[in-house]
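In: Got a predicted structure here, sequence first:
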Amino acid sequence: MTLMEFLLLLRDAIPGGIRLAIPLIFTALAGLFSERAGIFDIGLEGKMLAAAFAAASLAFVTGSPWLGLAGAIVVAMAMSLVHGFASITNKGNQIVSGVALNFIAAGLTVVLGQAWFSQGGRTPQLANDARFGAWEWPAVDAIGEIPVIGWIYRFVISGQNTLTYLAFLAVPISWWVLYRTRFGLRLRAVGENPGAVDTAGISVTFLRYRAVLCAGFLCGFAGAYLSVAQSAAFIKDMSAGKGYIALAALIFAKWRPVPVLFACLLFGYLDSVAIRLQGKSMPFVGEVPVQIFQALPYILTVVLLAGFIGVANPPKAGGVPYTKER
Amino acid sequence: MSAAAGPLPPWVNYGLMPVLNLTVAFLISGLVVWFIGESPWEAMTVLLQGAVGYGEGIGFTLFYATNFIFTGLAVAVAFHCGLFNIGGEGQAYLGGLGAALVALSLGDLMPWWATMPFAVLGAALFGAAWALIPAWLQATRGSHIVITTIMFNFIGSALMVYLLVNVLIVPGAMAPETRIFAEGGQMPKLGWLLALFGLDIRAAPFNVSFLVALVMCVVVWALIWRTRLGYEIRATGTNPTAAIYAGIPYVRTVVVTMLISGGLAGMMALNPVMGASARLQVEFVGGAGFVGIAVALMGRSHPFGIVLAAILFGILYQGGNELSFWIPTISREMVVVIQGLVILFAGALEYMFRPALARIFARRPKPSPAVAAKA
Amino acid sequence: MSDHTPAIELVGIDKSFGAVHANRNINLTVAKGSIHGIIGENGAGKSTLMSILYGFYQADAGEIRVRGRKVEIHDSQAAIRAGIGMVHQHFMLVENFTVLENIVLGAEGGALLGKGTDAAREKLEQFARDYEMEVDPDAVVEELPVGLQQRVEILKAMSRGAEILILDEPTGVLTPPEADHLFRILRVLRDEGKTIILITHKLREIMAITDTVSVMRRGEMVATRKTAETTVEELAELMVGRRVLLHVEKGAARPGEVLLQVRDLVVKDGRGVTMVDGVSFDVRAGEIVGIAGVAGNGQSELLEAIAGIRRPTSGEILIGGSPIGRPDPARLRHLGLAHVPEDRHHMGLVLRFEQYENSILGYHDDPKYLNGPFLDIDAIRADAREKIEKYDIRPPNCRLRTASFSGGNQQKIVVAREMERDPRILLVGQPTRGVDIGAIEFIHRRIIEMRDAGKAILLVSVELDEIRSLADRILVMFAGRVVGEKTPDTGEQSLGLMMAGIPQ
């Protein structure tokens, strides 16, 4: 591959990178709400998977992607409630609860899928109008002729589906909720010092439940994106570790909403480049194993955690159930 | 909300409470079975019959239990030092590489009993190596070990896939796996052991790794409760400040503990790689690293409890396989659901019944103050 | 509303935590517009009582009346509504929030932040003018000194319209001038008609600022007095139930060779703040050197540096004339340095260990407890039983979890472990904090015996009485420096002023 070809590949990987970043953005924002409130959530993966299954099943039965999305949200929020019940009400171990939810989601989606649709855990293929379709922007052909901007307009701005646009909207909304509302102030406080929240007369339990519900809500979008927008069916294990990459992105973004967007775009882009580079050789370097690209988000996150790229301070009360001291 | 009032009698804490938690997990599993239109009772019978009803089933059950003993011990050792090693999955994966390298090289030259010590060592070394960086980062830079070990699971997975696809693969073959190990690189079956009880294991891959696992249980018990290092590990785990005051070097203790933990997780690979498939394959760990968390929690981080919990998960695993075979509507993943529910109720929700039990039992007059818990 | 209606009435308050009866049938009346002190030893139940009043805990029985009306205080919100504010001993602040965010938290004045924040900013400015309580509203709390953080806590309560302000051990973290400033503020607040409840275990403060004082002992309210009509001696007796032993019988010291030398020691804490600032002194065999000072003036860091737990930034520590080099508690123990740490729960003991396991903590590398890499359990238990007998540790059962021993017996476990090693140098921090009178006498006697046996002893205590009765020489620390050396017969007032940084 010549250098020019390589550069073109890097450019052409951008739209795909964005598409791959969308579920990461929703999920990482979900993690943001939960973890800023002091509840670790490694069950993001499971919530996304369960939501994807619910979305595909409901969209298939009703023929409406919106009802699919609604179902995905309900299921993911229900799982959040379980996580909340374990880690807030019963003060259980948040990591263990997350692992358990991931197991349950991985198993139950296939068990139910097999029982309902008998396609080995898959859901039936969705018709086009049961999916979130792409929005064609006006005058794509005309504007598309303009160099650079036209390319961006044609391949990046236009032709995306509803959920993609919603993902980009979710970032400023999350920022606004966290930093400009009473709920956000309290949420950030409860993740740092729940005692301060409690003595201010605010219920730590209720606040944290609301935070994990926000996480479930956003995971619902991520799941629906996977099965009803990006694909046209639920496939066994289709989240494929995206929940963990989102977690990595959240840490990489140091638990802040706007950097979350960029971390997710970066990780999505890496994935997209890896897909395109498969079996090809890079200029100067030669063939690079795709596994390096797959591992890169995790490696970057470890390097960050090691303190080589600034300091990542997790919310102080993260992972610790709140008990009034005696 | 002063739920955690008085201490509960040991039989409630170590007996009744886990049983109650398991019962709830099984009840909900039954609900799922009922929900998809099958009889929970029948499913349970098939499951138990398949897991412990005949020689081969028992062989498989113990085979799976062997995996969980190793990963359970790995998690438990780290727990004692106050560390949450969620990276058993990746450490076991890498451990497979260590075991396979020994089996591929020495296995051609020596009988199994001569290869075995090196294989155990190789698996442990590679597993330990995969725990080293997270351990070091936790000890010296305070990087959260839960997160770093999760990340290392994925990095390890990518590395192993790369090695299997590009390096270790049999030239010309399609499947990303090594060649079959020679006899000297395989762990022999333990058919004779079950034959003592009049059972025939047939094709079940129940093998010598099980005995290695039991030896490791004794080793871990002695390490934690009978050695100076174990004392230092427990002191660091329960009160790090006091440990520093006592001159116990934090960095060294954390790193050594994680190396032991990673080593134990790595040894898990002996069982599937050298005991069953006789070759290294992708994804052979299959979630055992995560199940180890549940096993350690249920076993209260004590080797004896870990063996019991591992056998329970072995029963679920094997029984679940049989379940999907005999009742096709119930897919194989039902096992994963049951495991998840057991992890949820026995792990994350382990104290759900504590307040209620405390009301019933804590007020009773203490039998005798001499009954000190050995924890 | 008549002015004679009490601000607070507690009637028959009762509270248990499991087997611990923290409050027994407490009755208390606090007059409006007064400063009411509640005094008692650690663990007497003061904080529990106030937490009940603030809705942090629910009482098992009893009634709370605020300004004559019975109120149910289920949570802190109810307490705030009833006009009660509380300044906790451990501040309830979100450290990475600004002052303003902390003030606003819980009183945002609407679902969006803008308006409430502006109002809070104005309020802060007004408080700053009225009560000389300036603080930068945009400063991040973790970057403020402790005194200012406490001010934020007070402002938080006041901005919510608290008429009744509870302060839990407010001066523990303050320097004397800061404490004086606080007291000035409290007097202004009282004169404006606010009611203040001050929880403390410091008699001097009670006498200095309160109008009325109530004494708690072992969960019970034992007496209430007008401050003007009582004396320190009476209160002390009420607190402990019998006359405090103010002077320990001891002969004159016979100091020998210098065993411990500290030269120009500088120690910084985790945040990089200089806590010990160029301290030098010697301790000789056969003498007790006491370090007096208000908590937080560097004593803890000094002690930890000498014990090898904290790495000094610069300076030197010499044992028997040779520098100790790299800080390493284990090696220092081998050199004959024993250390009774200030906080036995966090440092001196692993509470979940059985008693015998704690009896070797720090000495677990001694060959006499080991068989190769293995612990010699029999030897360790025999050794633990010996100490239990010699130090009269109760209950005499080395298999019991350490957490189930009382504070005094836990301290004896630590003291026994450290003293029985027959060290050359003994560091002792807060030897009698939270310890019952019987154990105090015992521990004091043992310290004197160690001195008479020729040990070099460095004693750190915030209890001036303890320092004065035990030490042969007193070094006063203030703001990280040793500001003077005195003899134990120096007047309490003179030492107190030095502790406040005023040279004598």
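Out: On my side now, so go ahead.

In: any weak-confidence spans in chain C?
Out: C:1-3, C:19, C:42-43, C:172, C:176, C:240-247, C:271, C:500 (pLDDT under 70).

In: residues from it in reach of chain B?
Out: C:17-19, C:307-309, C:328-333, C:339, C:341, C:346-354, C:357, C:361-362, C:364-365, C:370, C:373-375, C:377, C:395, C:397, C:399-401 (C-beta under 8 Å from any C-beta of the partner chain). (Each C-beta comes from the backbone N, C-alpha and C, glycine too.)

In: Helices - which of the residues you listed land there?
Out: Using DSSP state H, C:Pro329, C:Ala330, C:Arg331, C:Leu332, C:Arg333, C:Glu357, C:Ile377 are the members of the residues of chain C next to chain B that sit in helices.

In: Of these, keep whichever come out buried.
Out: Among those, the ones that count as buried by 16 or more other C-beta atoms under 10 Å in any protein chain shown are C:Pro329, C:Leu332, C:Arg333, C:Glu357.

In: any idea how far chain A is from the last one?
Out: It refers to C:Glu357. 24 Å (C-beta to the nearest C-beta, to the nearest Å).

In: quick one: contacts for that residue?
Out: B:Tyr231, C:Val350, C:Ile380, C:Thr402 (C-beta atoms under 8 Å, 6 or more residues apart in numbering or on different chains).

In: Please identify which of the residues you listed is nearest to chain A.
Out: Distances from chain A to the contacts of C:Glu357, taken as C-beta to the nearest C-beta, are shortest for C:Thr402 (17.4 Å).

In: where along chain B do the strands fall?
Out: Taking DSSP state E as the criterion, chain B contains no strands.

In: for it, what are the low-confidence residue spans?
Out: Looking at chain B by pLDDT under 70, you get B:1-6, B:362-375.

In: 80 instead, please
Out: Applying pLDDT under 80 to chain B flags residues B:1-8, B:362-375.

In: residue ranges for the helices of the stretch 1-150 of chain B, please.
Out: B:10-11, B:17-35, B:40-52, B:55-80, B:88-105, B:112-141, B:145-162 (DSSP state H, counting those that start in this stretch).

In: got it, and the stretch 351-500 of chain C?
Out: C:355-358, C:377-390, C:407-419, C:437-452, C:464-470, C:492-499.

In: if you compare these, which one is most tucked away?
Out: Greatest average neighbour count among the helices of the stretch 351-500 of chain C goes to helix C:355-358 (a mean of 25), per mean count of other C-beta atoms under 10 Å in any protein chain shown.

In: ok and the residue in the stretch 51-200 of chain C nearest chain B?
Out: Residue nearest to chain B within the stretch 51-200 of chain C (C-beta to the nearest C-beta): C:Tyr57, separated by 8.2 Å.

In: The nearest residue to A:Arg256 once chain neighbours are set aside: what secondary structure?
Out: Excluding its sequence neighbours, the residue lying closest to A:Arg256 (C-beta to C-beta, 6 or more residues apart in numbering or on different chains) is A:Leu32, at 7.9 Å. With DSSP: H, G, I helix; E, B strand; the rest coil as the basis, A:Leu32 sits in helix.

In: Got the confidence number for A:Leu32?
Out: Listed pLDDT for A:Leu32 reads 97.

In: Am I right that it is in contact with A:Val258?
Out: No - using C-beta atoms under 8 Å as the test, A:Leu32 is too far from A:Val258 to be in contact (10.7 Å).

In: out of those two, which sits in the more crowded spot?
Out: Between A:Leu32 and A:Val258, counting by other C-beta atoms under 10 Å in any protein chain shown, A:Leu32 is the more crowded of the two (28 against 12).

In: tally of neighbours for C:Ile474?
Out: Using other C-beta under 10 Å, C:Ile474 has 24 other residues around it.

In: coming back round to it: mind putting the contacts of C:Glu357 in CSV, distance to C:Val276 included?
Out: Conversion of the contacts of C:Glu357 to CSV gives the following (distance: C-beta to C-beta, whole Å):
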residue, distance to C:Val276
B:Tyr231, 32
C:Val350, 28
C:Ile380, 36
C:Thr402, 31
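
In: measure stretch A:229-241 end to end?
Out: Taking C-alpha to C-alpha, to the nearest Å, the first and last residues of stretch A:229-241 lie 18 Å apart.

In: likewise stretch C:10-30?
Out: Terminal residues of stretch C:10-30 are spaced 9 Å apart (C-alpha to C-alpha).

In: and it, which residues are buried?
Out: C:Leu10, C:Ile13, C:Asp14, C:Lys15, C:Ser16, C:His21, C:Ala22, C:Asn23, C:Arg24, C:Ile26, C:Leu28, C:Val30.

In: CSV for those, including distance to B:Gly292?
Out: Formatted as CSV, the buried residues of stretch C:10-30 follow (distance: C-beta to C-beta, whole Å):
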residue, distance to B:Gly292
C:Leu10, 52
C:Ile13, 49
C:Asp14, 47
C:Lys15, 42
C:Ser16, 40
C:His21, 43
C:Ala22, 41
C:Asn23, 46
C:Arg24, 48
C:Ile26, 51
C:Leu28, 54
C:Val30, 57
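
In: Give the burial count for residue 323, as a bare number.
Out: Going with chain A. 13.

In: meant chain C actually
Out: Using other C-beta under 10 Å, C:Pro323 has 10 neighbouring residues.
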